[in-house]
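Colleague: Only the shape, not the letters, is given here:
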C-alpha cells in the first residue's frame, strides 16, 4: 500500500522537549515492584532489596548501526531494546527496566518518533520491562538512540565471562548467520531500488533472515530454561559481533583455549541457501556476521545430560588449556586459528 506523502506532520518544535517526553511516554505502565518512581522526576527510584543490580548501555547511530532506507522505525525501536536486553540475559539475569535517550534532526516529525516508540512499547510489553526515564535532544547528524537496560539477579546466579575451565563444553542457543544474510538481502534490494524505484522486492523466500536482521529477539527464555534444567553456565556472552569474536572474548576472560567444530555450528537452511546465492561461505558468515543476539556459554561436562537433545542448544566445541590456543576444527579435520573478524564500529569505511 502506497503511503500518502501529503499527510500533515507535527513538528517537534511545537511540543518542546518536555511536551515531547510526556507525549511519547504517557502509555508506558509500571509492572515491577522494584520500580518505585519512573518517569516524571529528576531521577528514577529503584529498590532491588537483596538482589544484585545489572546494568548495560548501547548506543545506535544512524548510518553506522542502522539504515532507515529499509529499517522501519517501529522495528528500529524494538531492535534497540533487544540489543540491550540481550546483554542482561547474557549475565544470566532478569531484565526489569530501561531508559531511552534519543537525538534527532529536524527532518523527523512527531509521527516518526511515535512509530519508533511504538516499537519500544511492543518490546517493553512483550519482555515485561518498565521504561523509567531517558532524554531527548536535537542532532545535526540524523538519529541516535541510547538505551540503558537494568536487571536483577541473585549474586550466586550471575554468570560472568571469566568462569570457563578447561574441558568445559561450548554451547550456543538458536542458529547463527541469519541476521548478516538478512542484511545482505536488504542491501541488495536497496541497490536495485536505486536503479528502479518502481521495483517491488519479493522478500518472502528470505522472510526468516530478514526478520533476524530487522526484528531480532533477545533470548530471555535461555536463562529461564537453564534454571529450569538445573544448569549453571560457567561463563556466558551474547553473540552480537560474530561467533569467533565472542569465543575469543570468553577465552581471554577465562584464560582458556578452545576447539570449535565447524560441522557443529547451527545454520538455518535459509542461511545456507542464501550464502550459496551470494557465493559466501556459511561458516565464515556464522563466525563473523554478528547481530544474531543468541547466547554463547560454557558448561561443565557433567551437565551435558541435562541439555542433551534440547532443540534450543547446540554443543559446538569445548575449552582447552590456554596455551593450546583457539582453533576451528574444519570438516576435513584441519585446525585453523580462530580470528576475530566480526563487526568493528570504529573501522574505517
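Modeller: Cool, the structure landed. A quick note: this is a predicted structure, and the numbers were derived from the prediction, not measured.

Colleague: Okay, strands next: where are they in the stretch 1-150 of the chain?
Modeller: Using DSSP state E, counting those that start in this stretch, the strands of the stretch 1-150 of the chain run over 35-37, 45-46, 52-61, 94-104, 130-138, 144-153.

Colleague: Can you tell me which of the ones you listed is nearest to residue 223?
Modeller: In this view, those are compared for proximity to residue 223 by Cβ to Cβ, and strand 94-104 is the closest at 7.4 Å. Backbone N, C-alpha and C define where each C-beta goes, glycine included.

Colleague: What is the closest one packed up against?
Modeller: helix 73-89, helix 110-127, strand 130-138, strand 144-153 (3 or more Cβ pairs under 8 Å, 6 or more residues apart in numbering; DSSP states H and E).

Colleague: could I get the ones you listed as TSV with mean neighbour count and mean pLDDT?
Modeller: As requested, the helices and strands packed on strand 94-104 are arranged in TSV below (neighbours: other Cβ atoms under 10 Å; pLDDT from 0 to 100):
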stretch	mean neighbour count	mean pLDDT
helix 73-89	24	97
helix 110-127	19	96
strand 130-138	19	91
strand 144-153	22	95
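
Colleague: Now do stretch 188-208, average pLDDT.
Modeller: Across stretch 188-208, the average pLDDT comes to 89.

Colleague: buried ones in it?
Modeller: By neighbour count, with 16 or more other Cβ atoms under 10 Å as the criterion, the buried positions of stretch 188-208 are 189, 206, 208.

Colleague: List the buried residues in the host helix or strand of the last one.
Modeller: With elements taken from DSSP states H and E, the one containing residue 208 is helix 207-214. Going by neighbour count (16+ other Cβ under 10 Å), the buried part of helix 207-214 is 208, 209, 210, 211, 212, 213, 214.

Colleague: Check the model's average confidence along the next helix or strand after it for me.
Modeller: Where DSSP H and E defines the elements, the next helix or strand beyond helix 207-214 is helix 221-229. Computed over helix 221-229, the mean pLDDT rounds to 97.

Colleague: Tell me how many other residues surround residue 91.
Modeller: Neighbour count of residue 91, defined by other Cβ atoms under 10 Å: 23.

Colleague: if you skip the residues just before and after it, what's nearest to it?
Modeller: residue 54 (5.1 Å; Cβ to Cβ, 6 or more residues apart in numbering).

Colleague: Show me the shaky parts of the stretch 151-300 of the chain.
Modeller: Of all residues in the stretch 151-300 of the chain, none has pLDDT under 70.

Colleague: Counting neighbours, what do you get for residue 311?
Modeller: As a burial measure, the neighbour count of residue 311 was computed by other Cβ under 10 Å and equals 6.

Colleague: Apologies, that question was intended for residue 328.
Modeller: Here the number of neighbours of residue 328 (other Cβ under 10 Å) works out to 22.

Colleague: I'd assumed residue 339 was in contact with it.
Modeller: No: between residue 328 and residue 339 there is no contact, the gap being 9.3 Å when judged by Cβ atoms under 8 Å.

Colleague: joint contacts of the two?
Modeller: residue 244 (Cβ atoms under 8 Å, 6 or more residues apart in numbering).

Colleague: still on that earlier bit, can you redo the buried residues of stretch 188-208 as CSV with distance to residue 223?
Modeller: Formatted as CSV, the entries for the buried residues of stretch 188-208 read as follows, by distance: Cβ to Cβ, whole Å:
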residue, distance to residue 223
189, 36
206, 30
208, 24
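
Colleague: can you put the strands of the stretch 1-150 of the chain in CSV and add distance to residue 291?
Modeller: Output for those, formatted as CSV (distance: least, Cβ to Cβ, whole Å):
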stretch, distance to residue 291
strand 35-37, 30
strand 45-46, 30
strand 52-61, 12
strand 94-104, 19
strand 130-138, 23
strand 144-153, 15
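
Colleague: thinking again about what came up before, tell me which of the helices and strands packed on strand 94-104 approaches residue 160 most closely.
Modeller: Residue 160 lies closest, by Cβ to Cβ, to one member of the helices and strands packed on strand 94-104: strand 144-153, at 11.4 Å.

Colleague: Which other helices and strands does that closest one contact?
Modeller: Strand 144-153 makes packing contacts with strand 52-61, helix 73-89, strand 94-104 when contacts are defined by 3+ Cβ pairs under 8 Å, 6+ apart.

Colleague: and the helix holding residue 208 with helix 73-89, angle?
Modeller: 80 degrees (axes from the mean of the first three to the mean of the last three Cα atoms, to 10 degrees).

Colleague: Need the contact partners of helix 207-214.
Modeller: Around helix 207-214, the neighbours that count as contacts under Cβ under 8 Å, 6+ apart are 70-72, 75, 79, 178-183, 185-186, 203, 268, 270-271, 274, 291-292.

Colleague: Could you do stretch 103-110 as well?
Modeller: Residues lying outside stretch 103-110 but in contact with it, judged by Cβ under 8 Å, 6+ apart, are 9-15, 20, 23, 112-113, 136-144.

Colleague: what do you get for stretch 114-133?
Modeller: Stretch 114-133 is touched from outside by 24-25, 27-32, 35, 37-39, 43-44, 46, 72-82, 85, 95-100, 102, 145, 149-150, 218, 220, with contacts defined as Cβ under 8 Å, 6+ apart.

Colleague: ditto for stretch 269-287
Modeller: Outside stretch 269-287, the residues that touch it by Cβ under 8 Å, 6+ apart are 175-178, 180-181, 184-185, 205-206, 208-209, 242-244, 262, 265, 267, 328, 338, 341-342.
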